[in-house]
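S.K.: Using only what follows, build the 3D model:
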Amino acid sequence: MTLDPAQTLLTLAGLFAVGLAADQIGHRTPLPRVTLLLICGILAGASGFDLIPLDVSDWYELLSIVALTMVAFLLGGSLTRKNLQSHGPAILLISVSVVVFTILIVGAGLALLGLDLGLALLLGAIATATAPAATQDVIRQSGVKNDFTDALQGIVAIDDVWELFAFSVILVMVHQMNGSVEASILSGSIREFGGSVLLGILIGVPAAVLTGRLSGGEPLQIEALALTFLTAGLAIMFELSYLISGMTVGAIIVNRARHHTKAFHEIEHIQWPFMILFFILAGASLDTHALLKVGFFGLAYVVLRVLSRLLGGWIGAALGKAPSRQRPWFGLALMPQAGVAIGMALVAAKQFPNW
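M.R.: Reported below is the predicted structural model:
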């Protein structure tokens, strides 16, 4: 397909104008701008008025990688020694508790309602995934920085690790229930996790030493973009997780770069245009007609997931001795679900095409 420069530029102008409007409305109302952008994307996409050209929609995968890698850097940057010393037990226990209770409640609930046990377990594992981009943006939009948001960012930063392993274990279990052994799935996930962390270390250590030397302790925009693209590109090349790699790089830089004053200041500045396109195109890619096909079990999935997040978040916060006033809010804050869940669903669909 030949790219039409005029049409593409006008579409981008419109999308950024929508992003500006969402930003202003979000700052004047309690409604998250992420929600506004997704709604605009649905209205502008194929399920709505079909206003977005196909060649622009095709950018979604690339934009999502760039945007999510930037989010990963920022989340990794929240894992400072100070934050881990203050909230380490709460971060660990809440993240594990939410994953465990989500699998148990969603998986068992769907099975009791009549869904095949294997499929119910797979949906329970997929339900563990969160949406780091949405959570991070709501925190940033609110302008609030306190113990709760510090702990929440730490939880979102590490829960992808538990989700990946939980999903891999469930895949193996369901294969064994169906009479086949797929231990390679689990070993592949271990390789992906270990390789992603290793890649993050190999990039993060020299980056911690080199970045920010030219501008009085703050990395330049070009340094921030180079690190983002380098991390995402190498992760994809080696079939690793750019989220885990990006978080690892961010955590290393924020803890080892003594000359930095604001290690990710420039990423915060350049992130929003990418996020606008990412969320609008995410909404545009949604097939609303597919919602009619999931019916009763789709509604049950949503209800059970909400209950599991609320219960798991509260119990994990109680075990982690988080302040009592914060305990009801962790599960609610971990409710968003998007790209990571879609990735898990695609893997599960490939392994179990009959479902």
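S.K.: for the one helix or strand residue 20 maps to, packing partners?
M.R.: In the assignment (DSSP states H and E), residue 20 maps to helix 5-28. Helices and strands touching helix 5-28, by 3 or more Cβ pairs under 8 Å, 6 or more residues apart in numbering; DSSP states H and E, are helix 33-44, helix 54-57, helix 265-284. C-beta here means a position set from N, CA and C on the backbone, and glycine is covered the same way.
S.K.: and those, which one is worst for confidence?
M.R.: When the helices and strands packed on helix 5-28 are compared on mean pLDDT, helix 54-57 scores lowest, with a mean of 79.
S.K.: how about that helix: buried residues?
M.R.: Neighbour counts over helix 54-57 (16 or more other Cβ atoms under 10 Å) mark 56-57 as buried.
S.K.: give me the number of residues near residue 30?
M.R.: 6 (other Cβ atoms under 10 Å).
S.K.: tell me the contacts of it?
M.R.: For residue 30, no residue meets the contact criterion (Cβ atoms under 8 Å, 6 or more residues apart in numbering).
S.K.: Next up, phi/psi of it, please.
M.R.: Taking degrees, to the nearest 10, you get phi -80, psi 0 for the backbone angles of residue 30.
S.K.: Next: residue 29.
M.R.: Backbone geometry at residue 29, expressed as degrees, to the nearest 10, gives phi -140, psi 170.
S.K.: Okay, it and residue 22: tell me how far apart.
M.R.: In this view, residue 29 and residue 22 are 11 Å apart by Cβ to Cβ, to the nearest Å.
S.K.: quick one, which of the two is more surrounded?
M.R.: More crowded of residue 29 and residue 22, by other Cβ under 10 Å: residue 22, with 24 against 10.
S.K.: before we move on, back to that, could I get the helices and strands packed on helix 5-28 in TSV, plus columns for distance to residue 225?
M.R.: Output for the helices and strands packed on helix 5-28, formatted as TSV (distance: least, Cβ to Cβ, whole Å):
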stretch	distance to residue 225
helix 33-44	22
helix 54-57	21
helix 265-284	7
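S.K.: Output the helix holding residue 20 as CSV, nothing but the C-alphas.
M.R.: Output in CSV follows, covering the C-alpha atoms of helix 5-28 (Å, rounded to 0.1, in the frame of the first residue of the first chain):
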residue,chain,number,x,y,z
PRO,A,5,1.6,11.9,2.9
ALA,A,6,-1.2,14.4,3.0
GLN,A,7,-3.7,11.9,4.4
THR,A,8,-1.2,10.6,7.0
LEU,A,9,-0.2,14.0,8.2
LEU,A,10,-3.8,15.2,8.5
THR,A,11,-4.7,12.0,10.4
LEU,A,12,-1.7,12.6,12.8
ALA,A,13,-2.8,16.2,13.3
GLY,A,14,-6.3,15.0,14.2
LEU,A,15,-5.0,12.4,16.6
PHE,A,16,-2.7,14.8,18.4
ALA,A,17,-5.6,17.3,18.6
VAL,A,18,-7.7,14.6,20.2
GLY,A,19,-4.9,13.9,22.6
LEU,A,20,-4.7,17.6,23.6
ALA,A,21,-8.4,17.7,24.2
ALA,A,22,-8.2,14.5,26.3
ASP,A,23,-5.4,15.9,28.3
GLN,A,24,-7.3,19.1,29.1
ILE,A,25,-10.5,17.3,30.0
GLY,A,26,-8.6,14.8,32.1
HIS,A,27,-7.0,17.6,34.1
ARG,A,28,-10.4,19.3,34.7
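S.K.: ok and it relative to helix 33-44, angle-wise?
M.R.: Helix 5-28 runs at 140 degrees relative to helix 33-44, counting by axes from the mean of the first three to the mean of the last three Cα atoms, to 10 degrees.
S.K.: List the contacts of helix 5-28.
M.R.: 31-33, 36-37, 40, 44, 51-53, 55-56, 141, 272-273, 276-277, 280.
S.K.: Show me what the least confident helix or strand in the chain by mean pLDDT is packed up against.
M.R.: Lowest by mean pLDDT, DSSP states H and E among the helices and strands of the chain is helix 54-57, with a mean of 79. Judged by 3+ Cβ pairs under 8 Å, 6+ apart, helix 54-57 is in contact with helix 5-28, helix 265-284.
S.K.: What residues of the helix or strand where residue 302 lies count as buried?
M.R.: If you go by DSSP H and E, residue 302 is part of helix 291-319. In terms of neighbour count (16+ other Cβ under 10 Å), helix 291-319 has its buried residues at 300-301, 304-305, 307-317.
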